[in-house]
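Participant: Sharing a model prediction with you, sequence too.
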Amino acid sequence: MKKERLEIFTDAVIAIVMTLMILEIKLPDFNEADFWLVTRQIAVYALSFIIIAITWLNHHAMFSPLEKINIKIAWINFILLFTMSLIPLATGPLGEHFFHKESHMVYGAVMASVALPYTLLQINVNKLLPHLGDKEKRRINTRNWVATSLYLLSIPLSLLSIYLSTIIFVIFPIVYFIPSKKLIELK
């Protein structure tokens, strides 16, 4: 199948997910305590928005060199979109109840659930990219598996300290900010 249909559908779903996240921010009456609550909610919203934006950009870079995709890639992409649609459900509670370990555990579980199909998608797309060297494929796959593992690790680490899970949540947007240079060169 041609990749364009999947890309258009992906773009639409991601746009809806980003829109739904803003609806999770509830504006209270403004006083000093509420100011910090809203500030935390906006910070967590920004983090989730950036994660989705980076995923979308890297998804674009991943699919750019392809002309066609197979049904396996399509289904993994649908699973990725499903898990991304859960991000607003975890973003709201983390912003509203930042100091509760349970909200960090849920956010970590959702981020891990996004990272896993993204990793599997990248592995399967890489199989269709003969121009991408084995060394580059291993580097990309290793980075993706590390991200998935650390997001999973953030769940029990939240029990020790919410700040440990927060560090993990903030690190990966930095690590993934720039897609693979080899994938960009293949466009």
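Facilitator: Ah, there it is.

Participant: From residue 45, how far off is residue 39?
Facilitator: According to CB to CB, to the nearest Å, residue 39 and residue 45 sit 11 Å apart. Bear in mind the C-beta positions are built from the backbone N, C-alpha and C, glycine included.

Participant: Which one's more surrounded, those two?
Facilitator: Per other CB atoms under 10 Å, whichever of residue 39 and residue 45 has more neighbours is residue 45, with 20 against 11.

Participant: what residues are up against the more buried one?
Facilitator: Contacts here follow CB atoms under 8 Å, 6 or more residues apart in numbering; on that basis residue 45 touches 21, 22, 24, 25, 91, 95.

Participant: Low-confidence stretches in the protein?
Facilitator: 25, 28, 177-187 (pLDDT under 70).

Participant: Which residue ranges of it form helices?
Facilitator: 3-22, 32-63, 71-84, 87-96, 101-126, 134-160, 162-175, 181-185 (DSSP state H).

Participant: Present the contacts of residue 45 as a markdown table; the columns should include distance to residue 50 and neighbour count.
Facilitator: Converted to a markdown table, the contacts of residue 45 look like this (distance: CB to CB, whole Å; neighbours: other CB atoms under 10 Å):
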| residue | distance to residue 50 | neighbour count |
| --- | --- | --- |
| 21 | 11 | 21 |
| 22 | 14 | 12 |
| 24 | 16 | 20 |
| 25 | 15 | 16 |
| 91 | 11 | 29 |
| 95 | 14 | 26 |
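
Participant: out of those, what pair is the most spread apart?
Facilitator: 22 and 95 (11.2 Å; CB to CB).

Participant: count of neighbours near residue 20?
Facilitator: Neighbourhood size, residue 20 [other CB under 10 Å]: 15.
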